[in-house]
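Trainee: This is a predicted model, with the sequence first.
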Amino acid sequence: MDEIIKESGSWLQNNQGLLIEYGVNIAAAVLILFFGFIAAKMVAGGLAKVMGSKGLDKTIVDFVAGLVRYGIIAFVIVAALGRVGVQTASFVAIIGAAGLAIGLALQGSLSNFASGVLLILFRPFKAGDYVEIAGTAGSVDSIQIFSTVLTTPDNKVVVVPNSAVFGGNIVNYSRLPTRRVDMVIGVSYKADLKQTQDVLRRIVTAHEKVLKDPAPTIEVVALADSSVNFVVRPWVKTPDYWAVYFDLNKQIKIGLDEAGIEIPFPQMDVHLNKVA
């Protein structure tokens, strides 16, 4: 045991400089990682603030800031490994080969990334738009590297893969400044059609949020099984869509009742046959 201790002490004494060098390199690598991660967060955050102050869309700001942050983190990790003696050229080559293998295994993730880039370039929607994508409707919160985040009207967060977004139909309800409210109003066959049309037109045109141009369309669209159906199609500013839709339903019911115009509803006649 004394011999082992003596040899260990001798080895430590002879390699003291090497140990100090390794200790310094490891400490430097830790500091590089520590300050590098902080710098990545600060640079990405600063870039996001600058881009935001220039009026750029939030989706672009979040996407670019995320790319910059992860790019700096990758550079910091390579620098730290180089500091402790890892041959970074060989390491980069290994990473490249591993990246190819991982890329083949994770084609879906790469597809999501590529779709995210295309969404940023073509910008079919921006943060705050109300859209319907991949069968889900909601307000766009952000476009991230691999996914798009929506907030639904009932305040649920839905994360949709970017490949599903870009590979399907995108319906943007907020892109244009105006929208048409489409309503179908059924009245009794006994109702006077001209009177009914006049009542509907008076209610629609009197609404303060209905646009004068384009003029609303109010016409007979179908002679249905139990009713004569009118289409009521006023134009409104996009933010006013639901307010006008709900309000007109109420006002039309009140107006037709006051005019004595019946709105039919399904009825069933039951005949009982008495068997002797």
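Mentor: Perfect, I can see it now. Residues are numbered from 1 along each chain as shown.

Trainee: For the rest of this, base every contact and every neighbour count on C-alpha atoms.
Mentor: OK.

Trainee: Tell me which residues are up against whichever strand or helix holds V171.
Mentor: Following DSSP states H and E, one finds V171 within strand 170-172. Applying CA atoms under 8 Å, 6 or more residues apart in numbering, the external contacts of strand 170-172 come out as P124, F125, D129, Y130, V131, E132, I133, A134.

Trainee: try it again with 7 Å
Mentor: Strand 170-172 is contacted from outside by F125, Y130, V131, E132, I133, using CA atoms under 7 Å, 6 or more residues apart in numbering.

Trainee: Let's see which of those end up in strands.
Mentor: Among those, the members found in strands (DSSP state E) are Y130, V131, E132, I133.

Trainee: got a markdown table for these, with pLDDT and neighbour count too?
Mentor: Listed next are the ones in strands among the contacts of strand 170-172 as a markdown table, based on pLDDT from 0 to 100; neighbours: other CA atoms under 10 Å:
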| residue | pLDDT | neighbour count |
| --- | --- | --- |
| Y130 | 95 | 22 |
| V131 | 95 | 21 |
| E132 | 95 | 18 |
| I133 | 94 | 20 |
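
Trainee: Can I get those residues in CSV including distance to K190?
Mentor: Listed next are the ones in strands among the contacts of strand 170-172 as CSV, based on distance: CA to CA, whole Å:
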residue, distance to K190
Y130, 42
V131, 42
E132, 41
I133, 44
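
Trainee: The chain: helices as residue ranges?
Mentor: 2-14, 16-53, 58-83, 88-105, 107-122, 162-166, 193-206, 241-258 (DSSP state H).

Trainee: Show me how far the third one is from its chain's centre.
Mentor: Average the C-alpha atoms of helix 58-83, do the same for its chain, and the two points are 23 Å apart (CA atoms, centre = their mean, to the nearest Å).

Trainee: And the fifth one, by the same measure?
Mentor: A distance of 14 Å separates the C-alpha centroid of helix 107-122 from that of its chain, computed with CA atoms, centre = their mean.

Trainee: Next, the contact list for T152, please.
Mentor: T152 neighbours (CA under 7 Å, 6+ apart): A137, G138, S139.

Trainee: in its sheet, what does the strand holding V171 sit against?
Mentor: Paired with strand 170-172 in the same sheet, following DSSP bridges, are strand 130-133 (antiparallel).

Trainee: And the contacts of the partner strand?
Mentor: Applying CA under 7 Å, 6+ apart, the external contacts of strand 130-133 come out as A137, G138, S139, V140, V165, N169, I170, V171, N172, Y173, S174.
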